[in-house]
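*Asks:* Please find the sequence and the predicted model below.
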Amino acid sequence: MANASELLIVLGDPTRQAILDLLLEGPQPVGELAALLPVSRPAVSQHLKVLKEAGLVVDRQHGTRRVYRVEPDGLAPLRAYLERFWRLNLVAFAQYADQQQADQQQADQQTGRPAE
């Protein structure tokens, strides 16, 4: 499984993003994916190889076809990385809101307006 930095690089490619979007609708073989994309079948295979190496998709042999699907836990490292920023932003927002409320209460007291 790739780390957050590697996942960002892998996901930075629009074709790989499109492949993941299609696979979110359900498992599909390479040929069906290639028919829906403006790139060749070999190019789709190469992109799928990159996605598989990053842990974002898995495949299985189904008769003569290889069927790919999204690996639900593939984004876990990126999700964990981004959650740190989300938590920091939530804490900063809460502190800002608390300060705004305290400032408003202080202004209300100074002007003699009743607190809301």
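*Replies:* Thanks, I have the structure now.

*Asks:* element containing Q99, please.
*Replies:* With secondary structure defined by DSSP states H and E, Q99 is part of helix 76-111.

*Asks:* same question, R60
*Replies:* Going by DSSP H and E, R60 is in strand 57-62.

*Asks:* and the following helix or strand past that strand with strand 57-62, angle?
*Replies:* Per DSSP H and E, the first helix or strand lying C-terminal to strand 57-62 is strand 65-70. Orientation note: strand 65-70 sits at an angle of 150 degrees relative to strand 57-62 (axes from the mean of the first three to the mean of the last three C-alpha atoms, to 10 degrees).

*Asks:* Touching strand 65-70 from outside, list them.
*Replies:* Applying C-beta atoms under 8 Å, 6 or more residues apart in numbering, the contact partners of strand 65-70 are 20, 23-24, 26-31, 33, 48, 51-52, 56-61. Every residue, glycine included, has its C-beta placed from N, CA and C.

*Asks:* One more pass at 7 Å, please.
*Replies:* Residues outside strand 65-70 that contact it (C-beta atoms under 7 Å, 6 or more residues apart in numbering) are 20, 23-24, 27-30, 48, 56-60.

*Asks:* and those residues, which are buried?
*Replies:* Neighbour counting by 16 or more other C-beta atoms under 10 Å classes 20, 23, 28-30, 48, 56-57, 59 among these as buried.

*Asks:* which non-adjacent residue is nearest G26?
*Replies:* R69 (7.5 Å; C-beta to C-beta, 6 or more residues apart in numbering).

*Asks:* what about the one you found, how many neighbours?
*Replies:* 14 (other C-beta atoms under 10 Å).

*Asks:* Dig out what it forms beta bridges with.
*Replies:* According to DSSP bridges, V58 are recorded as the beta-bridge partners of R69.

*Asks:* How much space separates it from K49?
*Replies:* Here the distance between R69 and K49 works out to 15 Å (C-beta to C-beta, to the nearest Å).

*Asks:* do R84 as well
*Replies:* 30 Å.

*Asks:* what helices or strands is the strand holding R60 leaning on?
*Replies:* Judged by 3 or more C-beta pairs under 7 Å, 6 or more residues apart in numbering; DSSP states H and E, strand 57-62 is in contact with helix 41-53, strand 65-70.
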